[in-house]
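> Dropping the sequence and predicted coords here.
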Amino acid sequence: MIGWAMWLAAGGWWSAWLERLDAWLIAPLRYPLLARSMEAAVIVGVVSGVVGTFVVVRGMAFFGDALAHAILPGVAFAYQRAEGKTDGLFWGGLVAGVLSALGIGWLTRHERVREDTAIGVVFAAMFALGIAMISRVNNYAGDLSHILFGQILGVSPADLRLIAGFGAAVLVVVALFFKEFMIISFDLALARTLRLPVELFRLLLLVLIAVTIVVSLQTVGIALMVALLVTPAATASLVTHRLLPMMGVSAFLGAAASVIGFYISFHQDIATGPAIVLTATAFFLATFGVQQVRSMWAGWRGVSSATVEAATRTE
């Protein structure tokens with residue numbers, strides 16, 4: 001009798017747990033719009049994690065932030081041409097991002113202008129131009145606010161196809177030229193010795209960063225894009241210093257942050273972009289904290305061992 005009662009209690013607990021799991025994880029995905037949003041978030045997390053690895057190892061965080069803001073004129077132009085519709089914003093942002101990346105690359109060619117100076121000039125000019133163009137649109141604040149902060153719940157089937165297509169193209173290019181990108185990122189002297197077209201691959205990498213930013217635009221927006229590029233890769237750099245494993249860890253963390261942030265946004269009724277970025281930041285802080293504790297523990301053990309060894313020698 002007792003065994004039967006325990007079996008019933010266990011069965012009831014298991015049923016309640018399954019119902020809760022269904023309500024938290026499965027139910028949101030039954031809506032096509034939310035399922036598309038989840039797919040877009042995962043794609044963006046993976047692509048940003050992969051490309052963000054190069055951003056971190058090359059110290060290009062400022063470039064990523066500037067380029068995210070430099071796409072604003074293209075977005076504003078597409079918005080004006082479409083008479084208030086948002087369907088063509090991707091293409092406007094893509095053109096502006098690629099042109100800005102190539103412009104920065106041209107200005108810094110042969111180090112005629114310092115990279116941070118060129119980035120500052122292009123970033124300020126393009127962002128100001130975008131604001132000027134947006135200010136001429138009636139009721140622009142409400143219509144274009146999602147450009148700054150993302151609107152992942154507005155992903156249409158066409159948007160998802162664009163995100164998936166361009167995201168896949170970025171990953172394919174990275175896979176094809178991984179060795180070349182690695183060499184120019186760590187050893188320019190070796191790249192020149194091997195007679196690699198350094199300038200060509202540098203510009204190609206800048207364009208890939210621009211495409212990644214535009215792909216991620218609808219997910220986290222302009223204001224938070226640099227966090228998705230940098231934070232997962234920075235977390236991965238604490239785990240490993242080898243480029244390929246770092247890239248894999250970064251892609252995994254980007255996807256995980258996107259998924260967890262999506263669910264937090266859905267259940268806590270907060271904006272999705274900030275939820276994804278805060279989740280990625282939590283991963284970074286947790287990893288950094290573990291690293292610090294391990295370092296302190298290793299240091300303490302080292303001091304203790306040295307003290308014991310010194311005492312033994314004295315005896």
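Structure's in. What do you need?
> what comes into contact with the strand or helix carrying residue 174?
Applying DSSP states H and E as the criterion places residue 174 in helix 157-176. Applying CB atoms under 8 Å, 6 or more residues apart in numbering, the external contacts of helix 157-176 come out as 36, 39-40, 43-44, 46-47, 50-51, 87, 90, 94, 155, 181, 204, 208, 211-212, 214-215, 218. All C-beta spots, glycine's among them, are computed from the backbone N, C-alpha and C.
> isn't residue 45 right next to residue 256, touching?
Yes: using CB atoms under 8 Å, residue 45 is in contact with residue 256, at 7.3 Å.
> Looking at these two, which is more packed in?
Per other CB atoms under 10 Å, whichever of residue 45 and residue 256 has more neighbours is residue 45, with 29 against 17.
> got the contact list for the more buried one?
By CB under 8 Å, 6+ apart, the neighbours of residue 45 are 228, 232, 251, 253-259, 276.
> Now render the residues you listed as JSON lines, adding distance to residue 269, pLDDT and secondary structure.
Listed next are those as JSON lines, based on distance: CB to CB, whole Å; pLDDT from 0 to 100; DSSP: H, G, I helix; E, B strand; the rest coil:
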{"residue": "228", "distance to residue 269": "21", "pLDDT": "87", "secondary structure": "helix"}
{"residue": "232", "distance to residue 269": "25", "pLDDT": "94", "secondary structure": "helix"}
{"residue": "251", "distance to residue 269": "29", "pLDDT": "94", "secondary structure": "helix"}
{"residue": "253", "distance to residue 269": "25", "pLDDT": "94", "secondary structure": "helix"}
{"residue": "254", "distance to residue 269": "24", "pLDDT": "93", "secondary structure": "helix"}
{"residue": "255", "distance to residue 269": "23", "pLDDT": "92", "secondary structure": "helix"}
{"residue": "256", "distance to residue 269": "22", "pLDDT": "93", "secondary structure": "helix"}
{"residue": "257", "distance to residue 269": "19", "pLDDT": "92", "secondary structure": "helix"}
{"residue": "258", "distance to residue 269": "18", "pLDDT": "89", "secondary structure": "helix"}
{"residue": "259", "distance to residue 269": "18", "pLDDT": "89", "secondary structure": "helix"}
{"residue": "276", "distance to residue 269": "15", "pLDDT": "89", "secondary structure": "helix"}
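> which of these sit farthest apart?
251 and 276 (14.5 Å; CB to CB).
> Neighbour count for the two, which is higher?
residue 276 (31 against 23).
> sorry, back to before: could you export the helix holding residue 174 as CSV, CA atoms only?
Taking Å, rounded to 0.1, in the frame of the first residue of the first chain, the C-alpha atoms of helix 157-176 are listed here in CSV:
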residue,chain,number,x,y,z
PRO,A,157,9.6,34.3,-43.0
ALA,A,158,11.4,36.5,-45.5
ASP,A,159,13.5,38.0,-42.7
LEU,A,160,14.4,34.6,-41.5
ARG,A,161,15.5,33.5,-44.9
LEU,A,162,17.7,36.5,-45.3
ILE,A,163,19.3,36.0,-41.8
ALA,A,164,19.9,32.3,-42.5
GLY,A,165,21.2,32.9,-46.0
PHE,A,166,23.7,35.7,-45.2
GLY,A,167,24.6,34.0,-41.9
ALA,A,168,25.5,30.8,-43.8
ALA,A,169,27.5,32.8,-46.4
VAL,A,170,29.5,34.4,-43.6
LEU,A,171,30.3,31.0,-42.0
VAL,A,172,31.2,29.5,-45.4
VAL,A,173,33.7,32.4,-46.1
VAL,A,174,35.2,32.0,-42.6
ALA,A,175,35.7,28.3,-43.2
LEU,A,176,37.2,28.7,-46.6
